[in-house]
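[1] With the sequence up front, the predicted model follows.
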Amino acid sequence: MFDWKEILDFWFGELDEQGLPDSEHRNRWFRPSRAFDQEIRRRFISMVLFASEDGLRHWRSVPGGALAEIILLDQFTRQIHRGGALAFDNDKLAIKLCKSAMRSGHDMALPAVQRAFLYMPLQHSEKKEDQDLSVDCYEQLASGTGGIAGDFMKSFLQSAHDHREIVDRFGRFPHRNKALNRKSTPEEELYLESGKRFGQ
């Protein structure tokens, strides 16, 4: 039987008195590493498959379980399938579960840094309304969190603004075009020469 606590322990570790993971955990999140991708693939690919087929719905009754399922679908799917179209295969379900968790109030029961990842599917969406909701969520998160953790949440907020700016401009993320076999417009090609790519 899969345990959602394993995902949260792996992704966050133990939070310190500021409500943050240690630097080792934080540094793994947004720095592409083949070794880290392989570790996730080895340990969690079965869980990702179960989640993608709605096999972990029993996790959704508690905030931590809801978050763990979202991390499987939104984060781990990207790392297992980095660079390919399958990296985005579970985005629609992740967005659906994110909004459902918010309606249930699960987000408010989580520490700030964990809430940041519960909202992440909105940041990854190519729909304007999701991007607007993403910015709203991260603005509330940043304004409601103090100390060092609050400063860290501001970096998530800046990322949300940056993502929305791209979708507002292009209606999609041009840096996904190659993986999704989409033809880039001349403006997108120019942007890709110097614009922010956000990995995937």
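    Done, it's in. Please read these numbers as outputs of a predicted model, since none were measured by experiment.
[2] quick one: contacts of stretch 52-71?
    2, 4-5, 7-8, 11, 47, 49-51, 72-73, 77, 89-90, 93-94, 97-98, 100-101, 104, 106-107, 109-110, 114, 117-118, 120-121 (C-beta atoms under 8 Å, 6 or more residues apart in numbering). The way it works is simple: take the backbone N, C-alpha and C, and place the C-beta from them, glycine included.
[3] typed the wrong thing, it's stretch 178-188
    By C-beta under 8 Å, 6+ apart, stretch 178-188 touches G83, G84, A85, A87, F88, F170, R172, P174, R176, N177, L192, Q200.
[4] try 10 Å
    81-88, 166, 169-170, 172-177, 189-192, 195, 200 (C-beta atoms under 10 Å, 6 or more residues apart in numbering).
[5] Rounded mean pLDDT for it, please.
    Here stretch 178-188 scores 95 as its mean pLDDT.
[6] What is the end-to-end distance of that stretch?
    12 Å (C-alpha to C-alpha, to the nearest Å).
[7] how far out from the middle of the chain is it?
    Taking the mean of its C-alpha atoms, stretch 178-188 sits 23 Å from the chain's own mean (C-alpha atoms, centre = their mean, to the nearest Å).
[8] ok, and for it, which residues are buried?
    Residues of stretch 178-188 classed as buried: A179, S184, E188 (neighbour count, 16 or more other C-beta atoms under 10 Å).
[9] following the top helix by length along the chain, which helix or strand shows up next?
    Using DSSP state H to define each element, the chain has its longest helix at helix 147-170. Under the assignment DSSP states H and E, the closest C-terminal helix or strand after helix 147-170 is helix 186-192.
[10] Would you pull up how far that next one lies from the middle of the chain?
    With C-alpha atoms, centre = their mean, you get 25 Å for helix 186-192.
[11] just to revisit the earlier point, can you turn the buried subset of the contacts of stretch 178-188 into a selection I can paste into ChimeraX?
    Those of the contacts of stretch 178-188 that count as buried under 16+ other C-beta under 10 Å are selected in ChimeraX with:
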select :81,82,87,88,166,170,172,173,174,175,176,177,191,195,200
